[in-house]
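Engineer: quick one, what's the 3D model for this:
(chains A and B)
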Number of protein chains: 2
Amino acid sequence: MPVNLKSPAPQDLLPVRGVKLGFAEAHIRKPNRKDLLVMQFAPDSKVAGVFTQNRFCAAPVVLCKEHLAAGAGIVGLVVNTGNANAGTGEDGMLRARRTCEALAGLLGCADNQVLPFSTGVIMEPLPVDRVVAGLPACIANLKEDNWLNAAEAIMTTDIVAKGASRQLTLGGKPVTVTGIAKGSGMIHPNMATMLGYIATDAAVSQGVLETMIRHAVNRSFNCITVDGDTSTNDSLVLIATGQNGGAELADTSSADYLALRDAVTEVAAQLAQAIVRDGEGATKFMTIRIQGGRDEAESRKIGYAIAHSPLIKTAFFASDPNLGRILAAIGYAGVGDLDVNLIRLHLGDVLVAENGGRAASYQEADGQRVMKEPEITVRVELGRGAAESTVWTCDFSYDYVKINADYRT
Amino acid sequence: MPVNLKSPAPQDLLPVRGVKLGFAEAHIRKPNRKDLLVMQFAPDSKVAGVFTQNRFCAAPVVLCKEHLAAGAGIVGLVVNTGNANAGTGEDGMLRARRTCEALAGLLGCADNQVLPFSTGVIMEPLPVDRVVAGLPACIANLKEDNWLNAAEAIMTTDIVAKGASRQLTLGGKPVTVTGIAKGSGMIHPNMATMLGYIATDAAVSQGVLETMIRHAVNRSFNCITVDGDTSTNDSLVLIATGQNGGAELADTSSADYLALRDAVTEVAAQLAQAIVRDGEGATKFMTIRIQGGRDEAESRKIGYAIAHSPLIKTAFFASDPNLGRILAAIGYAGVGDLDVNLIRLHLGDVLVAENGGRAASYQEADGQRVMKEPEITVRVELGRGAAESTVWTCDFSYDYVKINADYRT
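Structural biologist: Residues are numbered from 1 along each chain as shown, chains lettered A, B, ... in the order given. Now for the predicted structure:
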């Protein structure tokens, strides 16, 4: 059951001028569900992407990078669920290329002007005939107010569709930012995410858009983990259509840039947190905040050690303040010269440990009270410097095991 | 349910001349169970230890290192279960020292001639009065054929007691090697293990003993993982009493050294595998063998990425050959220049993947057949060099979650 996460209502996802979305039930893996999405962008839209660092990255990821690097201008993209087209070798590349060819034919552009995405089971051949057969239906219902349908079309083990919008005004012109994402297992993005698509009708130069997507991803999708497994298919795409009539943002020091960057980052963070709230089997949403680190890298290392520990995640599932497990994770995170006597551990508003052990003021009943809440913050002060980092994660329940044991059945 | 692991019968654990063991029910945490162990060594025994790298290491670990470094000669040791005396700060150190003081008084030696060990819940005060009160009963039943009782006395969430013996002849004299260990959760030893004690009646110089324990631990306890959590209390101790009447081994190139080293390593590996077979909730025993690596470090990295993946561990629990998850783990293990097209993945005797994708010969039914077995070997050929490594692990079941959610109740 997702933690404090409601599916966005249709009116919550605002259309973005210059972005049309169309979907289909293509029976990629299962019948009677939306499983194919096409997005079409206005001419001269700028598109930037970040992708998984997994060496076994999927064929569509390889092709996305190739097409973005070609610089011919991206006109549209296609996403199928039910099959990841990963671990599929040369044959997988051919199938991903055939998907692009078919979509390019329908959109009247070159093959390298479209981006392909796949998500689902790994190491099985993509049923490319079904993908191609489903594309005309997607094209037939392309429209600007299809964001919620699009969010639903890219779901796999997700229980709830994930989307967010923001509005702001730049240079007197209204700007909209809308994004959707999917993902709930195999979540430990490394420089990227599961699938996420964020679009704005502001005009942004290609260089500025690249800077903006890095900023946003490092404060959103790169701060989450469900199970520590980095997917083969993680991808985030940021689209700027320039259809709001405003001037192009080409300077990363302008106030307008900062305003748009922050709106994009807010949408990205909301989507990233939505993925954790819908983590497979999740019953608790945990914010792990590490403060006082010497640098951000060591803060993140400790944050992820806590967020990945099955022992800690199961204790949170049980609402059991077995908090020594958190000390153990801090201790094995790999920060060699850590002085444990300087560390202060807080659970919500409760000081749990200091001076290398349990705080004198700590009462089990206080820990118990916080552990029962659905949203819990673990805060660790390292006392070594001024660097901070935050990781969002969820607990580890019977249902995580059940979902992943039964995944293919 | 432990995987193919039977508790040793009393006659399977051979006495070691010069080592006496005594136990007690000291009610450290729960009544009516053996939870306190004392071992006493013949004069001039040599003792070597390796310990957890966790920065939040337990008070007794700190004290063990201090006492071993003092070089006064170790006369005995004490182990309590039910409380780890970790994350307990300065007060924990005082309690560990008081334990040593009490045992030294009973054994008639200096405080720094005994080693203390604790295992159990973290960040709770050690009930040192109960430990001290239980020591006389341990002393009263010290004897050489108490190894099985000792193995039982150090169990926590272990279902099965763990012990192993070997006999060999060195220089015409019979030599015995016997060891015991405990552990089934928070298992990802880093340069050491959960608690393990291995003794031999051979005579071994201190320097050679240190070399021998490193060799053994790197081929046994440092090759296992249950949940990737490195404990605060991991410790392995190797004792050589010299009571068999043979000459002292003081040269690591002698044939006798190699024979004893291999016997010790065999006992250590059997104990380490027993810990995995008794992994919390384990239903499958998995051997992850990585071959053709450029060096051992990268082979181990990939082995542990597979062994730690909750997605892979739950798929093995379900006997579901969802083997793309193994490719994903190989891909995110952090070997930057891995060429996935060179990799060959085998499940038991079945070739699953090559050339970046599923092998043409692979049939789901073959994968299914292997997945149903209780002992499964995953073999990965990297095609980069000649380095190899092996990791032993278990699957991830409902019972792992249950055991760790309910640990303190």
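Engineer: which ones are touching A:A58?
Structural biologist: A:T52, A:A84, A:N85, A:A86, A:G87, A:T88, A:G92, A:S118, A:T232, A:N233 (CB atoms under 8 Å, 6 or more residues apart in numbering or on different chains). Backbone N, C-alpha and C define where each C-beta goes, glycine included.
Engineer: one more time with 6 Å, if that's ok
Structural biologist: Residues in contact with A:A58 (CB atoms under 6 Å, 6 or more residues apart in numbering or on different chains) are A:A84, A:N85, A:A86, A:T232, A:N233.
Engineer: can you pull the phi and psi angles for the nearest residue to the last one once chain neighbours are set aside?
Structural biologist: With CB to CB, 6 or more residues apart in numbering or on different chains as the measure, A:A58 is the residue that lies nearest to A:N233, at 4.6 Å, once sequence neighbours are left out. According to degrees, to the nearest 10, the main-chain angles of A:A58 amount to phi -70, psi 160.
Engineer: look at A:A58 and report its pLDDT.
Structural biologist: On pLDDT, A:A58 comes in at 90.
Engineer: averaging pLDDT per element, find the lowest-scoring helix or strand in chain A.
Structural biologist: Ranked by mean pLDDT, DSSP states H and E, the weakest helix or strand in chain A is strand A:224-225, scoring a mean of 80.
Engineer: what is the burial count for A:D12?
Structural biologist: By the criterion of other CB atoms under 10 Å in any protein chain shown, A:D12 has 14 neighbours.
Engineer: A:L238 versus that one, what's the distance?
Structural biologist: As judged by CB to CB, to the nearest Å, A:D12 and A:L238 stand 20 Å apart.
Engineer: and if you look at A:V204?
Structural biologist: 9 Å.
Engineer: for the longest helix along chain A, buried residues please.
Structural biologist: Using DSSP state H to define each element, chain A has its longest helix at helix A:255-277. Neighbour-count burial for helix A:255-277 flags A:256-257, A:259-277 (criterion: 16 or more other CB atoms under 10 Å in any protein chain shown).
Engineer: and what of stretch A:207-218?
Structural biologist: A:V208, A:L209, A:E210, A:M212, A:I213, A:H215, A:A216, A:V217.
Engineer: likewise for stretch A:159-171?
Structural biologist: A:V160, A:A161, A:K162, A:G163, A:A164, A:S165, A:R166, A:L168, A:L170.
Engineer: chain center to that stretch: distance?
Structural biologist: 14 Å (CA atoms, centre = their mean, to the nearest Å).
Engineer: CA-only coordinates of it in PDB, if you can.
Structural biologist: The C-alpha trace of stretch A:159-171 is given here as PDB (Å, rounded to 0.1, in the frame of the first residue of the first chain):
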ATOM      1  CA  ILE A 159       0.100   0.700  -7.800                       C
ATOM      2  CA  VAL A 160      -0.400   4.400  -8.200                       C
ATOM      3  CA  ALA A 161       0.200   6.600 -11.300                       C
ATOM      4  CA  LYS A 162       2.800   9.300 -10.700                       C
ATOM      5  CA  GLY A 163       2.700  12.900 -11.900                       C
ATOM      6  CA  ALA A 164       3.200  16.500 -10.800                       C
ATOM      7  CA  SER A 165       2.800  20.000 -12.200                       C
ATOM      8  CA  ARG A 166       4.000  23.500 -11.300                       C
ATOM      9  CA  GLN A 167       3.200  26.800 -12.800                       C
ATOM     10  CA  LEU A 168       5.300  30.000 -12.700                       C
ATOM     11  CA  THR A 169       5.700  33.200 -14.600                       C
ATOM     12  CA  LEU A 170       8.900  34.100 -16.400                       C
ATOM     13  CA  GLY A 171       9.400  37.500 -18.100                       C
END
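Engineer: so who does the closest residue to chain B within the stretch 101-250 of chain A touch?
Structural biologist: With CB to the nearest CB as the measure, A:I122 is the residue of the stretch 101-250 of chain A nearest to chain B, at 2.5 Å. A:I122 makes contact with A:A84, A:A86, A:G87, B:G324 under the criterion CB under 6 Å, 6+ apart.
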